[in-house]
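[1] Need coordinates for the below:
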Amino acid sequence: MGTKRGNDGGDNKRVKKFKVASGFLDPGTSGLYATCSRRKERQAIQELAGVLEEKIEEIYGEISQDDDDKDNEDKLSIEDEIAKELKELKEKKEDQDKKQLLKPIDLSCECVVFFKTRKPVVPTELVKNVIEDFGNPENMEKRTRYIQKLTPITYSCNATKEQFQKLIDQIIEPVFKTEKIFKFAVEVTRRNFNTMERMDIINQVVGSVMKLGDHKVDLKAYDKVIMVECFKNNIGMSILDSDYSQKYKKYNVQQLYEAKYKDNEK
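    Predicted coordinates for the structure are as follows:
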């Protein structure tokens, strides 16, 4: 992998502008949370969007749009031609919106932003690849200035106990429904959220995991950590491996940079 240029330098590299949506997160949303410096949410969105877009293209390749249907070339009246062109423009825009793999969302929450992703992007895979790049001791370039921590969200639901249980089953069964015994932990973050108590969330997740095998809770030496991110009316979940904390500083970008620079000085 070649050396990548950062966005803070004085070169003339074009920075793509991303349209930022604002509001709540819909149920069924996948993506990632990013915490950032206070009052730097917009700058954080711009710098991280460039990193994520580059990584998406690297992992998944360039996703091409479908060509317009050009089979019907019969002669049309002027009115029909105009109507046809307007319809095609509308369909093309809708198609592009559906295929937009990365969409930044301003949550109107201090120090937190969200990036919505679509298939084939896998949020845990995307974030892990970004973190590996940031922590690579052979690359001493600082790619971000405002980003602090990244948290992937595999899937999300409305903040009700019933919907949360469906989400738990959907996320944990592919990993924990196995003869292999895992040590696991549950990490819960709540922002502008008072629908469910933290311990109720933890107990619901732990109880569900225990039903799938002889798994054990271990808050320090875990094999898997179940991330639960609660924001307003939305609960998101993902499962990460032990290197989340042991190697990658709980995906804290600033701590990764600091550790890398300190090791380099030694």
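[2] what ranges of the protein fall below the confidence cut-off?
    When the per-residue scores of the chain are filtered using pLDDT under 70, the ranges that remain are 1-23, 63-76, 90-99, 264, 266.
[3] Could I get the full set of strands for it?
    For the chain, the strands defined by DSSP state E occupy 21-22, 30-36, 102-109, 112-117, 147-153, 155-158, 183-191, 216-217, 224-231, 234-241.
[4] Redo these as a markdown table? Include distance to K249 and mean neighbour count.
    (Each C-beta comes from the backbone N, C-alpha and C, glycine too.) Rendered in a markdown table, the data for these read as follows (distance: least, CB to CB, whole Å; neighbours: other CB atoms under 10 Å):
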| stretch | distance to K249 | mean neighbour count |
| --- | --- | --- |
| strand 21-22 | 30 | 10 |
| strand 30-36 | 13 | 24 |
| strand 102-109 | 23 | 18 |
| strand 112-117 | 19 | 23 |
| strand 147-153 | 9 | 24 |
| strand 155-158 | 25 | 20 |
| strand 183-191 | 14 | 19 |
| strand 216-217 | 22 | 13 |
| strand 224-231 | 13 | 22 |
| strand 234-241 | 13 | 22 |
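[5] export those strands to CSV and tack on distance to A49?
    Converted to CSV, those look like this (distance: least, CB to CB, whole Å):
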stretch, distance to A49
strand 21-22, 13
strand 30-36, 10
strand 102-109, 6
strand 112-117, 7
strand 147-153, 11
strand 155-158, 20
strand 183-191, 21
strand 216-217, 37
strand 224-231, 20
strand 234-241, 19
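[6] how about those, which one is nearest D200?
    Using CB to CB as the criterion, the shortest distance between D200 and the strands of the chain is 9.9 Å, found for strand 183-191.
[7] can you state the direction angle for that closest one and strand 224-231?
    Our comparison of strand 183-191 with strand 224-231, counting by axes from the mean of the first three to the mean of the last three CA atoms, to 10 degrees, yields an angle of 10 degrees.
[8] Parallel or antiparallel, which strands does strand 183-191 pair with?
    Neighbouring strands of strand 183-191 in its sheet, by DSSP bridges, are strand 216-217 (parallel), strand 224-231 (parallel).
[9] Which residue, other than its chain neighbours, is closest to V188?
    With sequence-adjacent residues excluded and distances taken as CB to CB, 6 or more residues apart in numbering, V188 is closest to V228, at 4.6 Å.
[10] So that neighbour is in contact with M199, correct?
    No: contact between V228 and M199 fails when scored by CB atoms under 8 Å: they sit 12.0 Å apart.
[11] Please enumerate the helices of the stretch 151-266 of the chain.
    With DSSP state H, counting those that start in this stretch applied, the stretch 151-266 of the chain shows helices at 161-176, 198-210, 243-246, 253-265, listed in chain order.
[12] mind listing what's buried in the last one?
    If I follow you right, that is helix 253-265. If you call a residue buried by 16 or more other CB atoms under 10 Å, then helix 253-265 has these buried ones: 253-254, 256-257, 260.
[13] ok, how many other residues are close to K142?
    Burial measure for K142: 14 neighbouring residues, criterion other CB atoms under 10 Å.
[14] One more: V209?
    For V209, which is what you asked about, the neighbour count (other CB under 10 Å) is 23.
[15] repeat for E79
    Neighbour tally, E79, other CB under 10 Å: 8.
[16] any idea how far V188 is from it?
    Noted for E79: a distance of 59 Å to V188, by CB to CB, to the nearest Å.
[17] That concludes my questions; thank you for your assistance.
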